[in-house]
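test case, fold it:
(one chain, ligands or ions: 1)
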Amino acid sequence: MISPVETWVAERTSLQGNLNPMTLRNWQIEKLNDLISYASENTKFYHGKLHSTRDITELPFTSPSDIAADPFAFLAIPQSLITRVTTLANSGTTHLKKRIFFSKADLERTIDFFAVGMSTMVRKGEKAQILISNRTENSLGSLLKESLSRIGVTSEILGAIKTVNVAIEVSKGADCLIGMPAELLYMSHAAPELRPSSVLLAADYIPQSVINSIKETWKCDVYMHYGHTEFGFGCAVDCDQHNGYHLRDADLIFEIIDFKTGKPAKIGDSGEIVITTLSNEAMPLIRYRTGNLSRFINTPCGCGSLLPRLGRIEGRIDSNITIGNGNSVSIHQLDEIISANPKVLGFYALLKHVGKRNILHLTIDASNYIDLTTLTAMLPPELNIEVSYSKADPFSHREKRRIHIGNSNNDVAK
Ligand SMILES: [Zn+2]
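Sure, this is the predicted structure:
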């Protein structure tokens, strides 16, 4: 089946049977010029910075710190028309918070895209369990629930979960589980008997080892979603061929740039994902640097789609922690190696600087002691590895995966 996302793009752009990479690009350029006028006229930030163009690379970038410095400079509608505000930490400058605004129409477009994306993996009459977000009005979870109800799928949002056992209990009988990669991996090890038909991994970077492990345990289809709050949560979702994300092209323009030079990356090369919103009413964003790394896939998808897709998210530019001698370590590296071990349910990583030594302390939740030879061989020699074995239930302190920096094991739980 061709990805429902592609069918949706064909309808939303009115290109229908004429949809191909060239016609889509031309359509997006027309929309881009409408956006340039809209953002120039209605926002303080873009006023005087933009000009109409057929080449998006002529336009300046927007960085997360620009939003953190003055979120209201991006607001294109009166404050009375804001339906939702989300506050996010800015990973670059941690003391500043980004505020993201949505109008009712912005949220409606998100629901519309979620319904299309979810129809890739669930059918009318099925049941989904949402293990991310909460039940607050217009939260990510609530928007997802609304989108599912529009395609005839019942769903529940669990909200505050503190242990894997609660997550397992509420997920019994669900056809589709939607959650964070490390949490669903942990659940699959703790409850191999659950056996949902499909799983959607979202809200964090997705290691290939986690996809493989969940598939192996639950014998289910594992889908990936890529999103950002800044663009209305949903950006892209893969199809049943699992060969790259199909893009929300009717609302967003995707670019991949060389993050050092800012120039477009060569087709197929890895670089930073840059996104422009074509439809955001409350907060238009032009060439927004996401900090995430990926590459375009330009070969046709097995589902029949001819449009470019996004490859796996390969990590974040700022997730590499330098440990001297030009060497670095990242959570992505650790996840790919450690989570590939079937004995490992989960783990935390803590980097400590003791005198001149860098110590990577791993708290591993495993059914048995594991052999770390492969890991040690792949990490820089100046990194000393310590291991302890204990519970590492990701539901007990829910967050995106990262290496914690600190001086004691207690820091892990913060
Ligand atoms: Zn496809």
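
not counting residues beside it along the chain, what's closest to T217?
Nearest residue to T217, sequence neighbours excluded (C-beta to C-beta, 6 or more residues apart in numbering): S188, at 4.3 Å. Bear in mind the C-beta positions are built from the backbone N, C-alpha and C, glycine included.

pLDDT at the one you found, what is it?
Per-residue confidence (pLDDT) for S188: 96.

and it, how far is that from D106?
34 Å (C-beta to C-beta, to the nearest Å).

give me the residue from the stretch 51-200 of the chain nearest the ion.
Nearest residue of the stretch 51-200 of the chain to the ion: T120, at 8.8 Å (C-beta to the ion).

number of nearby residues for that residue?
Residues contacting T120 under the criterion other C-beta atoms under 10 Å number 21.

isn't it right next to I2, touching?
No: using C-beta atoms under 8 Å as the test, T120 is too far from I2 to be in contact (10.3 Å).

helix or strand next in line after the helix or strand that N292 is a member of, which one?
Element membership for N292 (DSSP states H and E) is strand 288-294. Sequence order places strand 296-297 as the next helix or strand after strand 288-294, per DSSP H and E.

can you list the residues that contact the helix or strand that that next one is followed by?
Next helix or strand after strand 296-297 toward the C-terminus (DSSP H and E): strand 309-310. Contact partners of strand 309-310, identified using C-beta atoms under 8 Å, 6 or more residues apart in numbering, comprise 226, 236, 238, 243-247, 254, 273, 294-297, 301.

try it again with 10 Å
Contacts to strand 309-310, defined as C-beta atoms under 10 Å, 6 or more residues apart in numbering, come from residues 3, 5-6, 224, 226, 235-236, 238-239, 241, 243-247, 254, 256, 273, 292, 294-301.

hmm, it in reach of the ion?
No: Strand 309-310 stays clear of the ion (C-beta under 5 Å from the ion), getting no nearer than 7.1 Å.

not counting sequence-adjacent ones, nearest residue to the residue in the stretch 1-150 of the chain positioned nearest to the ion?
Residue nearest to the ion within the stretch 1-150 of the chain: S3 (4.3 Å; C-beta to the ion). Ranked by C-beta to C-beta, 6+ apart and with sequence neighbours excluded, the top spatial neighbour of S3 is C239, at 3.8 Å.

before we move on, what about A182?
Nearest-residue entry for A182: P394, 4.7 Å, with adjacent residues in sequence omitted and distances by C-beta to C-beta, 6+ apart.

thought that neighbour was touching D365?
Yes: taking contacts as C-beta atoms under 10 Å, P394 lies within contact range of D365: 9.3 Å.

next SSE after the helix or strand hosting M187?
Element membership of M187 [criterion: DSSP H and E] is helix 181-190. Sequence-wise, the next helix or strand downstream of helix 181-190 (DSSP H and E) is strand 198-201.

okay, and the beta partners of the nearest residue to T57 once chain neighbours are set aside?
Once flanking residues are discounted, T57 sits nearest to P264: 6.0 Å by C-beta to C-beta, 6+ apart. Beta-bridge pairing for P264 (DSSP bridges): I257.

count the residues that sit near P264.
Residues near P264, counting by other C-beta under 10 Å: 15.

shouldn't it be in contact with F254?
No: using C-beta under 10 Å, P264 is not in contact with F254, being 11.4 Å away.

mutual contacts of these two, please.
Counting by C-beta under 10 Å, 6+ apart, the residues touching both P264 and F254 are V274.

which residues touch the residue lying farthest from the centre of the chain?
Centroid-distance maximum for the chain: G355 at 36.4 Å, with C-alpha atoms, centre = their mean. Counting by C-beta under 10 Å, 6+ apart, G355 touches no other residue.
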